[in-house]
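**Student:** quick one, fold the following:
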Amino acid sequence: MDDSEGRKVRNICILAHVDHGKTTLADHLIASSGGGVLHPRLAGKLRYMDYLDEEQRRAITMKSSSISLRYKDYSLNLIDSPGHMDFCSEVSTAARLSDGALVLVDAVEGVHIQTHAVLRQAWIEKLTPCLVLNKIDRLICELRLSPMEAYTRLIRIVHEVNGIVSAYKSEKYLSDVDSILASPSGELSAESLELLEDDEEVTFQPQKGNVVFVCALDGWGFGIAEFANFYASKLGASATALQKSLWGPRYYIPKTKMIVGKKSLSAGSKAKPMFVQFVLEPLWQVYEAALDPGGDRTVLEKVIKSFNLSIPPRELQNKDPKNVLQSVMSRWLPLSDAVLSMAVKHLPDPIAAQAYRIPRLVPERKIIGGDDVDSSVLAEAELVRKSIEACDSSRDSPCVVFVSKMFAIPMKMIPQDGNHRERMNGLNEEDSKSESDECFLAFARIFSGVLRAGQRVFVITALYDPLKGESSQKYIQEAELHSLYLMMGQGLTPVTEVKAGNVVAIRGLGPYISKSATLSSTRNCWPLASMEFQVSPTLRVAIEPSDPADMSALMKGLRLLNRADPFVEITVSARGEHVLAAAGEVHLERCVKDLKERFAKVNLEVSPPLVSYRETIEGDGSNLLESLRSLSLNTSDYIEKRTPNGRCIIRVHVMKLPHALTKLLDENTELLGDIIGGKGSHSVKILESQNPSLGDNVDPIEELKKQLIEAGVSSSSETEKDREKCKTEWSKLLKRIWALGPREKGPNILFAPDGKRIREDGSMLVRGSPHVSQRLGFTEDSTETPSEASETALYTEALTLESSIVSGFQLATASGPLCDEPMWGLAFTIESHLAPAEDFETDKPENFGIFTGQVMTAVKDACRAAVLQTNPRIVEAMYFCELNTAPEYLGPMYAVLSRRRARVLKEEMQEGSSLFTIHTYVPVSESFGFADELRKGTSGGASALMVLSHWEMLEEDPFFVPKTEEEIEEFGDGASVLPNTARKLINAVRRRKGLHVEEKVVQHATKQRTLARKV
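**Tutor:** This is a model prediction of the structure:
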């Protein structure tokens, strides 16, 4: 493929909220440009891209799948993606392989939660989006809006989508939930919307041609340009001038044949915007003529005659008016022409797209320190990056391919030709064993070079570093590609070679790739950046076979499922259970069904969901200055523990971190892990982090430093003077960060103690080193030496204890005192005083065990005791839930929400419809079966979509005992108080983990209970 051939390729994904019409739109595009694989009459009914039985049964898309289309002399790779929140990982895989996106929005329902998510994904992956407003016919038939009302609605939706994109561009919101909650609930006037749409910076503008209005079910659609061409000769104006005027506050004056703005209209003028007059009113007339019993059929005949439409007479004589309308509209305004012409004109080709996507695909690196770096390796890696940037498709350029996911299809679906059989005989034993019934194909995009069947390539994982040589060899494998296929939805077309810029399915990589990887023809290649997923798998269940003899089949099935699903996580818990983590209930059901029927083929026992919690202490962390003052260990508010041999005294003080700081640490876990864990003679610095809100040359470490300082002070509610003092104190404290926990990168901080090294009694303080502060650049690396020779032995021993103290802190933060769940948002200061060995009897040191182990245990116990002493609280994960319901079902819906401990944030009526939209927070622990209960309670009248939002502290005290007269009057004396919600949650987790639970085993010891229970 030469340069001109590369310019004729488009890689497009279809993104939208669930049920907004993605697969129906894809059906019509396939029917017109798919080479005859789908008959136009079946388009919209067959749902060609949903070829899985489960997808057809549920009527939702569950995976991203690709098909190759031909439009004029262009080749288009169209990827259909799911809209359900549970399958948003598939949206990430589709977005990575595409250069442009068609974003669909339902004209009736408007912007929903998943619309925010897909626009964010397109922005992260640097895709060029085009807007498709679908289901225009519902405005006419269902809502019965007038053309003017429909125009106001459409302009409002376009403005709202533009607002989301501009908010992401201006780095305003960190997450989709933030942007939804911040969206204005007040109504904007039509004038202000029209003025906003004239801004040149606005992403979606119909007059630019990157917005089309369609009805995917009936197969018609149009852009402004189509109507501009219709009216150009009739009005005696140029098509270009008309295209600019057919959207926004532009009016046509018939007397003067002039197009004027709103200011030039006379006071009593009843002129309508040109979009209403020339576009919507003719559409409304055609619909009324076709669907109304007494409609004027001459309107249809006029349309047929004016545009020379060739419609068979039998279609016009059809008894069903809907079929007549469909045959007229689909020939007058063909949907595929409107969408594909926009895609070809406004979406970039691979050569143009990779030039500006390169900072996201292969972030630029600069080498810090280390003279042992091989310059030839560095030069070749840079050459590979340049060829990706240029989308070089010459045969001698390095071949680089990104595999976004592995997908399994039955062996019988693989095309069987002679050449293929020969290759099948060449499959290695491991591959054939794992692919006995299922064949694993890689869903990939070629970014540089030419990929050939039978070629040998290097499979590179995300952790590979070409500069590290031998130490990085475990992240690279060599593999032979057996076959290449062009994807045609469910079908596969074998090809011998594919050039840069195309999407392809690769066979033969099954044993080498688990989720995603980079393929390269050279070892000296940086792996392409990992994909960013919108949510994490939060729904965890334990799985075991019904028959223990089937354990090996289950293990094999789990391995295959882990490879086939890009989002599922398989782990083994501390208790030896096989834990499967999925994104939600629908995703979990599909995983279990796949295990039972495809991969393991055994009966399974699935446990109730395992919910994760966090542990913290009372308070909101807002009064940081007070907390910093109390952090001084001179106060009596600390826990003291002594090691069994008495040599080391440990004092622990704990404080609550501000919520903003905890959230920042939690969200930047991976970045902190990379910074703190950086080892070796040289380190690689990625100039652009995975967060695309940072500019091209912003150092992520410097940005994180700035955010850490601001987050510590931002939530404090003191005066300006106190804020300055607080900032100074906080900056001092940031120079003493010894470690983060758990797993050295969590949302808890260990501060190094600040005090005299030698005390009056001769004991030495284990000072610790501010290791994390040095890595983050808050302080310089400084080592302290003992002042006297007599101190040297004790000083050396104190240094050896530092790692034990950090290990004790990591153990404590990984399993808190309430129910062995990780701690959240806490800061510890640990002061360890080591007494000289000669002060103690050392006859039998083995009585107490190894001294470093004693210190580790003492630190862990002291940290847990400190949390217990300062009013511990449990923290639970919360879903942001968006509900849509009719007014008559509001009562039953609120009854379901109250049973689920939901907190309602907002309730408002959707403009132009009788539906209500309700935003709530629902605890994850209460969300299982929520959708089913909601459907039952409202007779199917309410629908819910949930996305993981944040962690929230439960204010209830798990150890509450009534003490005051009012409390005793309300709750009774201590003996009869029922466990509160927090205590119930803790007991449930402790029971599951096999920990001790304080509960009465015998409820009624004195009264005999019979089976009949007739008492």
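**Student:** switch to C-alpha atoms for all contacts and neighbour counts from now on
**Tutor:** Fine.
**Student:** OK, contacts around the residue sitting nearest the centre point of the chain?
**Tutor:** The chain has Q534 as the residue nearest its centroid, 0.6 Å off, counting by CA atoms, centre = their mean. By CA atoms under 8 Å, 6 or more residues apart in numbering, the contact list for Q534 reads 88-89, 117, 121.
**Student:** over to C399?
**Tutor:** Shown in contact with C399 (CA under 8 Å, 6+ apart): 446-451, 519-522.
**Student:** in strands, which of these fall?
**Tutor:** The strands, defined by DSSP state E, take in 446-448, 450-451, 519-520 from the contacts of C399.
**Student:** from the chain's centre, how far out does stretch 291-301 sit?
**Tutor:** 49 Å (CA atoms, centre = their mean, to the nearest Å).
**Student:** please enumerate the helices of the stretch 901-1015 of the chain.
**Tutor:** 930-937, 965-971, 981-993 (DSSP state H, counting those that start in this stretch).
**Student:** so which elements touch the shortest one?
**Tutor:** If you count contacts as 3 or more CA pairs under 8 Å, 6 or more residues apart in numbering; DSSP states H and E, helix 965-971 packs onto no helix or strand.
**Student:** just the CA trace of that helix, in CSV.
**Tutor:** C-alpha atoms of helix 965-971 as CSV (Å, rounded to 0.1, in the frame of the first residue of the first chain):
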residue,chain,number,x,y,z
GLU,A,965,-30.5,8.7,78.7
GLU,A,966,-31.7,9.7,75.3
GLU,A,967,-29.8,6.9,73.6
ILE,A,968,-31.0,4.3,76.1
GLU,A,969,-34.6,5.5,75.6
GLU,A,970,-34.3,5.3,71.8
PHE,A,971,-32.2,2.1,71.5
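**Student:** and it, what's buried?
**Tutor:** Residues of helix 965-971 include none that count as buried (16 or more other CA atoms under 10 Å).
**Student:** helix/strand/coil for the residue nearest to the centre of the chain?
**Tutor:** Of the three states, Q534 takes coil under DSSP: H, G, I helix; E, B strand; the rest coil.
**Student:** for the longest strand along the chain, packing partners?
**Tutor:** The longest strand of the chain (DSSP E) is strand 872-885. Using 3+ CA pairs under 8 Å, 6+ apart, the elements in contact with strand 872-885 are strand 613-617, strand 916-923, strand 942-953, helix 981-993.
**Student:** okay, these, which one's buried deepest?
**Tutor:** strand 613-617 (a mean of 25; mean count of other CA atoms under 10 Å).
**Student:** that one - what's its average pLDDT?
**Tutor:** When pLDDT is averaged over strand 613-617, the result is 88.
**Student:** packing partners of it?
**Tutor:** If you count contacts as 3+ CA pairs under 8 Å, 6+ apart, strand 613-617 packs onto strand 872-885.
**Student:** tilt between the helix or strand following the strand it packs on and helix 930-937?
**Tutor:** Scanning forward in sequence from strand 872-885 by DSSP states H and E, the next helix or strand is helix 890-899. Here helix 890-899 runs at an angle of 140 degrees relative to helix 930-937 (axes from the mean of the first three to the mean of the last three CA atoms, to 10 degrees).
**Student:** returning to what we had before: tell me the one among the ones in strands among the contacts of C399 nearest to D396.
**Tutor:** V450 (8.5 Å; CA to CA).
**Student:** ok so, going back, quick one: the contacts of C399 as JSON lines, columns for distance to V158, neighbour count and pLDDT too.
**Tutor:** What follows is the contacts of C399, written out as JSON lines (distance: CA to CA, whole Å; neighbours: other CA atoms under 10 Å; pLDDT from 0 to 100):
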{"residue": "I446", "distance to V158": "34", "neighbour count": "27", "pLDDT": "93"}
{"residue": "F447", "distance to V158": "33", "neighbour count": "28", "pLDDT": "92"}
{"residue": "S448", "distance to V158": "36", "neighbour count": "30", "pLDDT": "91"}
{"residue": "G449", "distance to V158": "39", "neighbour count": "27", "pLDDT": "91"}
{"residue": "V450", "distance to V158": "41", "neighbour count": "23", "pLDDT": "92"}
{"residue": "L451", "distance to V158": "41", "neighbour count": "28", "pLDDT": "91"}
{"residue": "L519", "distance to V158": "40", "neighbour count": "28", "pLDDT": "92"}
{"residue": "S520", "distance to V158": "42", "neighbour count": "26", "pLDDT": "92"}
{"residue": "S521", "distance to V158": "45", "neighbour count": "21", "pLDDT": "91"}
{"residue": "T522", "distance to V158": "46", "neighbour count": "15", "pLDDT": "90"}
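**Student:** how about those in a markdown table, adding distance to C881?
**Tutor:** What follows is those, written out as a markdown table (distance: CA to CA, whole Å):
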| residue | distance to C881 |
| --- | --- |
| I446 | 38 |
| F447 | 38 |
| S448 | 42 |
| G449 | 45 |
| V450 | 46 |
| L451 | 45 |
| L519 | 40 |
| S520 | 43 |
| S521 | 46 |
| T522 | 47 |
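**Student:** my guess is L954 contacts E876. True?
**Tutor:** Yes - taking contacts as CA atoms under 8 Å, L954 lies within contact range of E876: 7.0 Å.
**Student:** when the two are compared, which one has more neighbours?
**Tutor:** More crowded of L954 and E876, by other CA atoms under 10 Å: E876, with 20 against 16.
**Student:** how about stretch 132-151: buried residues?
**Tutor:** If you call a residue buried by 16+ other CA under 10 Å, then stretch 132-151 has these buried ones: 132-137, 139-140, 145, 147-148, 150-151.
**Student:** mind checking which of the residues you listed land in helices?
**Tutor:** If you go by DSSP state H, the buried residues of stretch 132-151 have 137, 139-140, 147-148, 150-151 in helices.
**Student:** ok, which pair from those residues is furthest apart?
**Tutor:** D137 and M148 (14.7 Å).
**Student:** quick revisit: parallel or antiparallel, which strands does the longest strand of the chain pair with?
**Tutor:** strand 613-617 (antiparallel), strand 916-923 (antiparallel), strand 942-953 (antiparallel) (DSSP bridges).
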